[in-house]
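Engineer: Fold the stuff below for me.
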Amino acid sequence: MSTLRTTELFALRSYKTANSNLASSLERLSTGLRINRASDDPAGLIASEMLKAQERGIEAAVGNVERVGAIVSSADGALGQISDLLIEVQGLVVEVANTSGLTSDEIDAKQSDLDSILRSINSIAKGAQFGGKKLLDGQYAYTLSTVNATNVASLNVYAARVPTAGLTATIAVTQSAQTGTVGYTGGTLAGGNAISINVTGNLGTETIELAGGTTVAAMVTAINAAKDSTGVSASTSSSNLRLSSTGFGKDQFVSVSVNSGTFVPTAYSDTGRDATVTVNGRAADVRGKRVIFRSDSLDAEFTIGNAINTSTGAASFKVLGGGATFSVSATASNANKLHIALPTVNTATLATAEGALASLSGGQANALTGSNLTTTQQIVDGVVQQVSRLRARLGGFQSNTVEAMGNVLQSSLESVSGARSALTDLDTAAEVQNLTRAQLLSDAAASVLATIQANQARVLGLIN
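Structural biologist: Residues are numbered from 1 along each chain as shown. Predicted structure coming up:
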């Protein structure tokens, strides 16, 4: 009787085990997961939950990247419209340059067109927004401490990683920028020495005719009268004549050739020199006096002023905060945040050394009259370049930074998702095999229990 009882208990335990395994297999097959509770695989659960959190963070970061791309595209779209309008202004300037072919009424009408374009530029700048936030009204520009324009002019901070105390940029000029320069020390021309010289600069060549007896002061006047055509200006230096390129840098030059008469300059040609500048101890890219500096913490452009354009010149500026900051990391950390500026864009802030775009409004003066046309052209050229540079930076930020980060995140998402799937997803074929085995064992154990119970009944019948 004891042996029969032991056999019954063994069959009962086997039956319970088989049913438990059967229930587990059914649960796993119904959910498709290998780990449904901590007891299934404690270590695997820890790893899978960490991967799940990382996967969710990456998914959120991918969404952030897509939103950043949409914001930058919106800003670029508005700037593209402004650029198109500036091209229209360029067309008006060229049309009005045909002075003798237009009446004063036609010129006034074109000035009216110009005023309308300027108003449209301001309207586009005010209306550019994404998600209710203005993009080109300075909301995403960097806040700077007071900048000494004598030392640092035309400062644009395009990106900065600003610590709590602010970011200081220390500028050191170790070699000054220079113009191309040619001198003449012969003084007043001899009475019978009429001369003809060609003066050439970056803008072109003009022939200057000077009669015998012309003074140095008169030479300066004659050469400067053609400055807008040659890019060469003249001045007196210790009663001598000095011809200089109107711009600084190695791309600027001045050249003099003699057609007739006696005129012997100190040199017949000369080129300028770029300044050598460091910002926070790192070398900057310099073109003339225009400084372009890019590092992990600062991306800025500015022009060094004449006051510090010496071999020992120094200045500084400070970024206090601001700018647009975007998170493209799977965690809320500062490590992979992106920083960029969306500066104020309107006719008042779009400006060059010759003046702001707003100064072309007919309410101030007719910008398209002959006396103002050269200045107008210079302003338009400078502003077109300014908007183009801003668009190029936004485009580079989107393609080289935002989209590249998006590709990295997508790749990471695939890897993390695959790793989590390997830990938690069920091997269906193997589990079906386990289910079949558990079902057979359960049926067998049930059959044994039924046999034991039948035998017990017969034994009890015989006893009775």
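Engineer: Determine the three-state secondary structure at Thr146.
Structural biologist: Here Thr146 is recorded as coil under DSSP: H, G, I helix; E, B strand; the rest coil.
Engineer: Pull the number of nearby residues for it.
Structural biologist: By other CB atoms under 10 Å, 7 other residues sit near Thr146. Every C-beta, even on glycine, is put in place using the N, C-alpha and C of the backbone.
Engineer: what ranges do the helices span in the stretch 201-350 of the chain?
Structural biologist: All helices of the stretch 201-350 of the chain, identified by DSSP state H, counting those that start in this stretch, fall at 216-224, 227-230.
Engineer: Tell me the secondary structure at the residue nearest the centre of the chain.
Structural biologist: Note on the chain: the residue nearest the mean C-alpha position is Phe397, at 3.6 Å, using CA atoms, centre = their mean. What three-state DSSP gives for Phe397 is helix.
Engineer: Pull up the gap between the residue lying closest to it once chain neighbours are set aside and Arg273, please.
Structural biologist: Leaving aside its chain neighbours, Phe397 sits nearest to Ile340 (5.4 Å; criterion: CB to CB, 6 or more residues apart in numbering). Separation of Ile340 from Arg273 (CB to CB, to the nearest Å) stands at 33 Å.
Engineer: same thing with Thr181?
Structural biologist: According to CB to CB, Thr181 and Arg273 sit 10 Å apart.
Engineer: Just name the shakiest helix or strand of this protein by mean pLDDT.
Structural biologist: Every helix and strand in the chain was compared by mean pLDDT, DSSP states H and E; the lowest is helix 2-31, with a mean of 64.
Engineer: C-terminal to that one, what's the next element?
Structural biologist: Next helix or strand after helix 2-31 toward the C-terminus (DSSP states H and E): helix 42-96.
Engineer: what about Thr312, neighbour count?
Structural biologist: By the criterion of other CB under 10 Å, Thr312 has 9 neighbours.
Engineer: so what's it up against?
Structural biologist: For Thr312, the contact set (CB atoms under 8 Å, 6 or more residues apart in numbering) comprises Val173.
Engineer: Local confidence estimate at it?
Structural biologist: Per-residue pLDDT puts Thr312 at 91.
Engineer: Surely Leu413 and Gln54 touch.
Structural biologist: No: counting by CB atoms under 8 Å, Leu413 stays clear of Gln54, with 9.3 Å between them.
Engineer: bridging residues for the residue nearest to Phe397?
Structural biologist: Counting by DSSP bridges, Ile340 is bridged to Ala324.
Engineer: Quick one: residues contacting it.
Structural biologist: Listed by CB under 8 Å, 6+ apart, the contact set of Ile340 reads Val72, Tyr140, Tyr158, Ala159, Gly323, Ala324, Phe326, Arg393, Leu394, Phe397.
Engineer: what about the fifth one, how many neighbours?
Structural biologist: In this case it means Gly323. Neighbour count for Gly323, taken as other CB under 10 Å: 20.
Engineer: With the third one instead?
Structural biologist: Tyr158 has 22 neighbours, counted by other CB under 10 Å.
Engineer: Could you do the fourth one as well?
Structural biologist: A count of nearby residues for Ala159, using other CB under 10 Å, gives 21.
Engineer: Apart from its chain neighbours, what residue comes closest to it?
Structural biologist: Asp299 (4.0 Å).
Engineer: how close does the one you found sit to Gly322?
Structural biologist: Using CB to CB, one obtains 14 Å as the distance from Asp299 to Gly322.
Engineer: same deal with Ala75?
Structural biologist: For Ala75 relative to Gly322 (CB to CB), the value is 16 Å.
Engineer: neighbour count winner among the two?
Structural biologist: It is Ala75, of Ala75 and Gly322, that has more neighbours when counted by other CB under 10 Å, with 24 against 18.
Engineer: so what pLDDT did the nearest residue to the more buried one once chain neighbours are set aside get?
Structural biologist: Nearest residue to Ala75, sequence neighbours excluded (CB to CB, 6+ apart): Leu135, at 4.6 Å. On pLDDT, Leu135 comes in at 89.
Engineer: and Leu135, what does it touch?
Structural biologist: Leu135 touches Ile71, Ser74, Ala75, Ala78, Ala128, Gln129, Leu342, counting by CB under 8 Å, 6+ apart.
Engineer: and these as TSV, adding pLDDT?
Structural biologist: TSV is the format used below for the contacts of Leu135 (pLDDT from 0 to 100):
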residue	pLDDT
Ile71	89
Ser74	91
Ala75	91
Ala78	92
Ala128	90
Gln129	89
Leu342	86
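Engineer: What's the local residue count around Val68?
Structural biologist: Neighbour count of Val68, defined by other CB under 10 Å: 23.
Engineer: Begin at 14, not 1, for the rest of this chat.
Structural biologist: Will do, 14 is the new start, and the previous item becomes Val81.
Engineer: gap between the closest residue to it other than its chain neighbours and Tyr171?
Structural biologist: Spatial nearest neighbour of Val81, excluding adjacent residues (CB to CB, 6+ apart): Phe339 at 4.6 Å. Distance of Phe339 to Tyr171, given as CB to CB: 14 Å.
Engineer: and what of Ser258?
Structural biologist: For Ser258, the distance to Tyr171 (CB to CB) stands at 29 Å.
Engineer: And Leu311, by the same measure?
Structural biologist: Where Tyr171 is concerned, Leu311 sits at a distance of 9 Å (CB to CB).
Engineer: before we move on, what about Ser87?
Structural biologist: 18 Å.
Engineer: where does the stretch 14-163 of the chain dip in pLDDT?
Structural biologist: Residues of the stretch 14-163 of the chain that meet the criterion pLDDT under 70 lie in 14-25, 27-54, 57, 112-113.
Engineer: Ignore what I typed, I meant the stretch 214-363 of the chain.
Structural biologist: Applying pLDDT under 70 to the stretch 214-363 of the chain flags the ranges 346-348.
Engineer: And the strands in it?
Structural biologist: With DSSP state E, counting those that start in this stretch as the criterion, the stretch 214-363 of the chain has strands at 217-223, 245-250, 253-258, 266-273, 282-284, 289-292, 295-296, 298-300, 303-307, 311-317, 326-335, 337-340, 350-353.
Engineer: Give me the buried positions along the fourth one.
Structural biologist: Of the residues in strand 266-273, those buried under the neighbour-count criterion (16 or more other CB atoms under 10 Å) are Phe266, Val267, Ser268, Val269.
Engineer: which one of the residues you listed sits closest to Thr181?
Structural biologist: Using CB to CB, Phe266 is the member of the buried residues of strand 266-273 that lies nearest Thr181, at 36.8 Å.
Engineer: which residues touch the closest one?
Structural biologist: Residues near Phe266 by CB under 8 Å, 6+ apart: Gly193, Thr213, Gly214, Asn215, Ser258, Ser282, Asp283, Thr284, Gly285.
Engineer: Equivalent analysis for Leu92, please.
Structural biologist: Leu149, Val358, Val400, Leu403, Arg404, Leu407.
Engineer: Out of these, list just those in helices.
Structural biologist: Under the assignment DSSP state H, the contacts of Leu92 contribute Val400, Leu403, Arg404, Leu407 to helices.
Engineer: measure the first one to Gly217 for me?
Structural biologist: If I follow you right, that is Val400. Distance from Val400 to Gly217, by CB to CB: 26 Å.
Engineer: got it, and the last one?
Structural biologist: For Leu407, the distance to Gly217 under the criterion CB to CB works out to 34 Å.
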